[in-house]
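Participant: return atomic coordinates for the entry below.
(one chain, ligands or ions: 1)
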Amino acid sequence: MTKLEDGSEKGLKGHFQEDFSHRTRVGLAPPAGEIDRTAPYKRIATEEAWTFPDLVKAQTDYLGSGDAPEDDSLKMAGMFAQMPSLQGMLQDLGDLRISHMDELGIDRQLLLLTAPGVQVVRPGDGTALARQANDIAAEACRNHPDRFSACAAFDPRDVAGSVKEIERAMGELKLNGAVLNSHFQGHYLDELDYWPILEALEAMDAALYIHPTAPFNAPHYEDRGFFGALAGFPHDVWVHTMGLVLSGAFDRFPRLRLVIGHMGECLPLHLYRFDWMQGNADGRPHLRGGNQPRLEHPVSHYFKHNIWITTSGVGWEPAIKFCQQVMGEDRVLYAMDFPYQQSSDEVAAYDRMDMDAAVKKKLMEDNARAVFRITD
Ligand code: CA
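Facilitator: Residues are numbered from 1 along each chain as shown. Here you go, the predicted structure:
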């Protein structure tokens, strides 16, 4: 964090308001609108955040101990911990959350343990917290089977523990996939040490949702005030996703399924250039020569066979239609991003979108059921 002349700190704190629900309408944000209460689809929101007190405590204790590495992701946890209204919404898996869902017309939330999750706590503590998280999420799903589904948390720094926990969560707990809040102290799942986790995800038929977090060792983001959704978040998931694609992970695990949010973190817009540059770079030193594998397919292939995207935070018709067109109408899923971005006007904007009725139902409901194996 950068110390300013007046002694204040420029950095993570101050980029988020405590109250996430009230915003001034700016630019392309949707105008006021009424939610269609008789819409011919259920709204399944697929990137909905939650957390629990023991995890917040583990994050803040480690941050305060002085033992932790310089990690903006962990600092972000410390910042969120100081927002009581936000914590109230994140930590409730009952009446408060359901009342928000009812108000916003959301039939079902897919619960994702919020960034930065268990992968920033003291090494060795993450897997036990992941188990606790998954037990809590599974209980919420049992208590409200018609309102909640959930992805399993895991701490990738503990590879064997992650494999075991993914197996337990998908088997015994019957959760709906897995979630990782992108990098873990600058490491990514494309590194070979972590491939047993990819193998377990494929074997357990668990879609992996890679959700953003603040980039690692990134003062160049922090100093400019855009470590979050304005730059750092999408860039980090971009690295993670392209790392997986270009490492050959989907050739090694062809049934591995990856989900990324925020309109695919801008990646679909670049598929044409990815394919072009892949042909240009393959086999050349310093581009994709060296130890990089040659892929079995063009980069765009993996976006049509292994990758799905959600619309979290991008209720914008042209972007959604573009992604449906280039990736396929089965590969774009609705998400709200509760509680960070909640707006009844945005829900109404989806209802108004000029889209074939069957395609709209895929977007809002059917694709989520298919990807996350939601049967009830
Ligand atoms: Ca989110």
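
Participant: what about residue 204, distance to residue 370?
Facilitator: Using C-beta to C-beta, to the nearest Å, residue 204 is found at 17 Å from residue 370. Yep, even glycine has a C-beta here, placed from its N, CA and C like the rest.

Participant: between those two, which is the more surrounded one?
Facilitator: More crowded of residue 204 and residue 370, by other C-beta atoms under 10 Å: residue 204, with 18 against 15.

Participant: what residues does the chain put near the ion?
Facilitator: When proximity is defined as C-beta under 5 Å from the ion, the chain approaches the ion at 47, 337.

Participant: list the buried residues for the longest helix anywhere in the chain?
Facilitator: Counting residues, the longest helix in the chain under DSSP state H turns out to be helix 126-143. Under the neighbour-count criterion of 16 or more other C-beta atoms under 10 Å, helix 126-143 has 126-134, 136-138, 140-141 buried.

Participant: now render those as CSV, adding pLDDT.
Facilitator: Listed next are the buried residues of helix 126-143 as CSV, based on pLDDT from 0 to 100:
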residue, pLDDT
126, 98
127, 98
128, 98
129, 99
130, 99
131, 98
132, 99
133, 99
134, 99
136, 99
137, 99
138, 98
140, 98
141, 98
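
Participant: okay, among those, which ones form the most distant pair?
Facilitator: 126 and 141 (22.0 Å; C-beta to C-beta).

Participant: in the stretch 201-350 of the chain, what residue lies closest to the ion?
Facilitator: The nearest approach of the stretch 201-350 of the chain to the ion comes at residue 337, 4.5 Å away (C-beta to the ion).

Participant: list the contacts of that residue.
Facilitator: Residues in contact with residue 337 (C-beta atoms under 8 Å, 6 or more residues apart in numbering) are 47, 48, 49, 261, 312, 313.

Participant: residue 188 now?
Facilitator: Applying C-beta under 8 Å, 6+ apart to residue 188 gives the contacts 182, 194, 239, 240, 243, 244.

Participant: mind picking the two most distant members of these?
Facilitator: For those, with distances taken as C-beta to C-beta, the pair at the greatest spread is 194 and 239 (14.4 Å).

Participant: and residue 57, what element?
Facilitator: helix 53-65 (DSSP states H and E).

Participant: quick one: the helices in the stretch 101-250 of the chain?
Facilitator: In the stretch 101-250 of the chain, the helices defined using DSSP state H, counting those that start in this stretch lie at 126-143, 159-171, 195-203, 219-222, 232-247, 249-252.

Participant: mean pLDDT lowest for which of the ones you listed?
Facilitator: Ranked by mean pLDDT, the helices of the stretch 101-250 of the chain bottom out at helix 219-222, with a mean of 91.

Participant: residues of that one that come out buried?
Facilitator: For helix 219-222, burial by neighbour count (16+ other C-beta under 10 Å) applies to 221, 222.
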